[in-house]
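Engineer: Here's a sequence, model it:
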Amino acid sequence: MYPTELDEKAELFVAFRRLLTEQLDTLQRTRQSAQSGTRVDGTHRPATRGERGAVTSQGYLALGLGQRVTVLTDTLLLLERIPPEPRAEVAAGALVTLADGRRLLVLPGGQGTKLTSASGSVVVLSPSSPLIRALAGCEEGDAVEVERGGRWEEITVETIS
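Structural biologist: Here you go, the predicted structure:
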């Protein structure tokens, strides 16, 4: 168990940054591999139609991976600007516990990633996710109605740190 929620939150921030950094490293290696495939033998241009098609596909793959590298790099820079200090409302950097027991950490780049701490499971969601947009600005004890899966659900914020 953590001495304080703030300690737990700081550790969750570190774990999420580490996860994104690992993803970034993997993407950069994959992108370099895709870029090296844009030449048939590494130095010469492709001679046949099939070789040109393969090289074009590798080029598109390298482009897409490069775009994802940029997004992850930008996300990591944003994370550096968000301190794990306590929050009074649901906003970027907040660790939110809902009345149904779900725990959410609001951070850029969160896509439903599950992290585990000594206090249990935490789902990392982006501030732009539909659930967090609905909860944005809520304080402890506030309830909102959110459409989820074609039905309306009342969600109550229990605690925010």
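Engineer: CA only for contacts and neighbour counts going forward, please
Structural biologist: Will do.
Engineer: low pLDDT regions in the protein?
Structural biologist: The chain contains residues with pLDDT under 70 at 1-4, 34-56.
Engineer: Report the spatially nearest residue to A134, omitting neighbours in sequence.
Structural biologist: Of all residues not flanking A134 in the chain, V146 sits nearest, at 6.7 Å (CA to CA, 6 or more residues apart in numbering).
Engineer: Based on its surroundings, how many neighbours for the one you found?
Structural biologist: For V146, the count of nearby residues is 17 (other CA atoms under 10 Å).
Engineer: phi, psi of it?
Structural biologist: phi -130, psi 140 (degrees, to the nearest 10).
Engineer: What's the first helix or strand after the one helix or strand T70 maps to?
Structural biologist: Per DSSP states H and E, T70 falls inside helix 49-80. Per DSSP H and E, helix 49-80 leads on to strand 95-98 as the next helix or strand towards the C-terminus.
Engineer: Sheet partners, orientation included, of that following strand?
Structural biologist: strand 103-106 (antiparallel), strand 151-160 (antiparallel) (DSSP bridges).
Engineer: what comes up buried for that strand?
Structural biologist: L95, V96, T97, L98 (16 or more other CA atoms under 10 Å).
Engineer: Identify all contacting residues around stretch 87-96.
Structural biologist: For stretch 87-96, contacts defined as CA atoms under 8 Å, 6 or more residues apart in numbering pick out 9, 82-86, 103-108, 126-127, 132, 135-140, 157-161.
Engineer: redo that, cut-off 6 Å
Structural biologist: Outside stretch 87-96, the residues that touch it by CA atoms under 6 Å, 6 or more residues apart in numbering are 103-107, 127, 136-139, 159-161.
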